[in-house]
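Visitor: can't give you the sequence, but here's the structure:
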């Protein structure tokens, strides 16, 4: 899947080209490194999906054009095709400027350069704000960009669902995690402030699906890792939540397109340190799981702009957490519709000490 590294203040972005898996939705990660410029490839290949948000629906673009220039001369023209797919490359030996055009939208402008082995991408339309970029499974890279209804992210299936950045909310009460009788759940830690992106504006006082408020982007890996490590240290179970903006890529699709008889709905995969993996199939909405590992509940809601939101409530058993081996664990998420079409994916990293 994808991965990211950001430095505080959003003034610049440094991603380690040797970092095997960098995950969307994370914040600052001081463990990231860079490689020597002499070992950089001559170019970096990108594979992204371009979509447009309108009437509370995100739809994959079918047309569009990315023009890249180098030293004032045209480097290449790259077209958006069906499924919103846009594949392009940039040189690593010189700065480039990009202009992305999409139907009914103002052109978008970016600037990129590799400095001391690290790639930096800037949004020229937003005072050179850093643009998140990420690594795909096949070694190519993706962007994470949302501005004025235009969304650029990693690729999903043609006409498949589309999901936004992972978010988290504050529980309105610890009782939202009481899926069945048992020990009193341990609420997650509160963070941050509201965010404005895919799905519109999230007000701190807005309650989503009746269970969480103050929805905002997921904090950095270090923050989430502390939460898991503290629960392990205290040998208690841990509760948390994820809020996922979503849309259906096919015309006329609705939440009923997620059929638990044919597909899992939301797939939640845990890739353990050492690459062994386990995954859960979460119908929408539903409750499931096992008391000895993970219990979950999914709810469907919207925000004030009527954007569809999936809320996932989770309760990790103490014995599951204490059984985790030290190292980096990757949590991955994607939607599948009733036709088996997969969305773009989201992931986060938890470091167990």
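Guide: Nice, I can see it. Note that the structure is predicted; figures quoted are calculated from it, not measured.

Visitor: can you give me the strands in the stretch 151-300 of the chain?
Guide: 162-163, 167-171, 196-197, 200-201, 212-217, 238-247, 266-271, 277-282, 286-289, 294-302 (DSSP state E, counting those that start in this stretch).

Visitor: what's the least confident stretch among these?
Guide: Note on those: lowest mean pLDDT is at strand 196-197, with a mean of 56.

Visitor: check which residues of the lengthiest helix in the chain are buried.
Guide: Criterion DSSP state H: the longest helix present in the chain is helix 221-234. Buried residues in helix 221-234, counted by 16 or more other CB atoms under 10 Å: 221, 222, 223, 224, 225, 227, 228, 229, 231, 232. Where you see a C-beta, it was placed from the backbone N, CA and C, and this is true even at glycine.

Visitor: out of those residues, which is nearest to residue 311?
Guide: residue 224 (17.2 Å; CB to CB).

Visitor: what sits against the closest one?
Guide: 218, 348, 350 (CB atoms under 8 Å, 6 or more residues apart in numbering).

Visitor: would a markdown table of the strands of the stretch 151-300 of the chain with mean neighbour count be doable?
Guide: Below are the strands of the stretch 151-300 of the chain laid out as a markdown table (neighbours: other CB atoms under 10 Å):
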| stretch | mean neighbour count |
| --- | --- |
| strand 162-163 | 24 |
| strand 167-171 | 23 |
| strand 196-197 | 14 |
| strand 200-201 | 15 |
| strand 212-217 | 21 |
| strand 238-247 | 23 |
| strand 266-271 | 20 |
| strand 277-282 | 15 |
| strand 286-289 | 15 |
| strand 294-302 | 19 |
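
Visitor: export these to JSON lines and tack on distance to residue 43?
Guide: As requested, these are exported to JSON lines (distance: least, CB to CB, whole Å):
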{"stretch": "strand 162-163", "distance to residue 43": "28"}
{"stretch": "strand 167-171", "distance to residue 43": "34"}
{"stretch": "strand 196-197", "distance to residue 43": "29"}
{"stretch": "strand 200-201", "distance to residue 43": "36"}
{"stretch": "strand 212-217", "distance to residue 43": "31"}
{"stretch": "strand 238-247", "distance to residue 43": "32"}
{"stretch": "strand 266-271", "distance to residue 43": "29"}
{"stretch": "strand 277-282", "distance to residue 43": "32"}
{"stretch": "strand 286-289", "distance to residue 43": "45"}
{"stretch": "strand 294-302", "distance to residue 43": "41"}
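
Visitor: and the ones you listed: which comes nearest residue 77?
Guide: Judging the strands of the stretch 151-300 of the chain by CB to CB, what sits closest to residue 77 is strand 162-163, at 25.3 Å.

Visitor: what pairs with the closest one, parallel or antiparallel?
Guide: strand 238-247 (antiparallel) (DSSP bridges).

Visitor: this protein: helices as residue ranges?
Guide: With DSSP H as the criterion, the chain has helices spanning 221-234, 318-322.

Visitor: dump these into CSV; add mean pLDDT and distance to residue 293 as well.
Guide: As requested, the helices of the chain are exported to CSV (pLDDT from 0 to 100; distance: least, CB to CB, whole Å):
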stretch, mean pLDDT, distance to residue 293
helix 221-234, 97, 14
helix 318-322, 97, 4
